[in-house]
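Asker: Dropping a prediction and its sequence here:
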Amino acid sequence: MASRSILAAMMLAAALVAAAGAALGQSSQRLTGLRLTGNQPIQIESDRLEIFDKDRKAVFSGNVSVTQGDTQVKAGRMTVHYSSDGGPVAGGGAAIERLEADGTVYVRSRNQVATGDRGTFDMRSEVLVMTGEKVVLSEGDNVIVGCKLTVEMRSGQARFEGCGDRSSESGRIIMQLTPGQK
């Protein structure tokens, strides 16, 4: 069970990091090379783990940290929702339906960082959504800020949305690129 929820968390991290690279380092919004490293160990730490077999979910809470290779995901809480047509959650035979992370979500891979208030990954539609008062993607001196990042992993399309009148004076996406940076 834990390895499946960790895999979902790592898919969230990989999608965010690839989106950051695509948004910051390329003119295209297509994501390429979005892969997990299946042969590296995965470690998850949290203050608590609660399994709700009847509700088909597991909740990691308190200083949640997931690490695989160069990628790290941190959040206050991660909830893994399991499909109703799988085996028992506690036994590890259940299929993951959706992953939710909240409480200041932080993703780092090498020199790329993504932060937001909440992140969700729907396993069936393969859509990642990261939201917050301020969603920030950065790589070195390059930064993009908005309030909603949506990544459609099947097509590789990423979409960043502004904040209306919530975040900045204009409520628009803010992007700072430094010449010579990837």
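Answerer: Right, received. Where do you want to start?
Asker: Strands of the protein, start to end?
Answerer: Assigned by DSSP state E, the chain shows strands spanning 42-45, 48-52, 57-68, 71-82, 96-109, 112-122, 127-139, 142-152, 157-161, 174-176.
Asker: now the angle between strand 112-122 and the fifth one, please.
Answerer: Going back to what we said before, that points to strand 96-109. Per axes from the mean of the first three to the mean of the last three Cα atoms, to 10 degrees, the angle that strand 96-109 makes with strand 112-122 is 180 degrees.
Asker: Where does pLDDT dip in this structure?
Answerer: 1-40, 42, 86-94, 165-170, 181-182 (pLDDT under 70).
Asker: what about 50?
Answerer: Along the chain, the parts satisfying pLDDT under 50 run over 1-38, 167.
Asker: Would you mind putting the strands of the chain into CSV with mean neighbour count alongside?
Answerer: Placement of C-beta: from N, CA and C, glycine included. Shown next, in CSV, are the strands of the chain (neighbours: other Cβ atoms under 10 Å):
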stretch, mean neighbour count
strand 42-45, 15
strand 48-52, 14
strand 57-68, 20
strand 71-82, 23
strand 96-109, 21
strand 112-122, 22
strand 127-139, 20
strand 142-152, 21
strand 157-161, 17
strand 174-176, 14
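Asker: so what's K148 closest to, chain neighbours aside?
Answerer: Leaving aside its sequence neighbours, K148 sits nearest to E161 (Cβ to Cβ, 6 or more residues apart in numbering; 4.1 Å).
Asker: thinking that neighbour is in contact with G132, fair?
Answerer: No. Contact status for E161 versus G132: not in contact, 11.6 Å apart, counting by Cβ atoms under 8 Å.
Asker: who touches both of these two?
Answerer: With contacts defined as Cβ atoms under 8 Å, 6 or more residues apart in numbering, the residues shared by E161 and G132 are C147.
Asker: Hmm, T150 is touching S125, no?
Answerer: No. Between T150 and S125 there is no contact under Cβ under 8 Å: 11.0 Å.
Asker: which residues does L149 form a beta bridge with?
Answerer: Assessed by DSSP bridges, L149 has beta-bridge partners M130, F160.
Asker: er, V145 actually
Answerer: On the basis of DSSP bridges, V145 is bridged to V136, I174.
Asker: That one against G171, yeah?
Answerer: No. Counting by Cβ under 8 Å, V145 does not reach G171; the two are 11.3 Å apart.
Asker: Was I right to think D122 contacts I96?
Answerer: No. Using Cβ under 8 Å, D122 makes no contact with I96, being 10.0 Å away.
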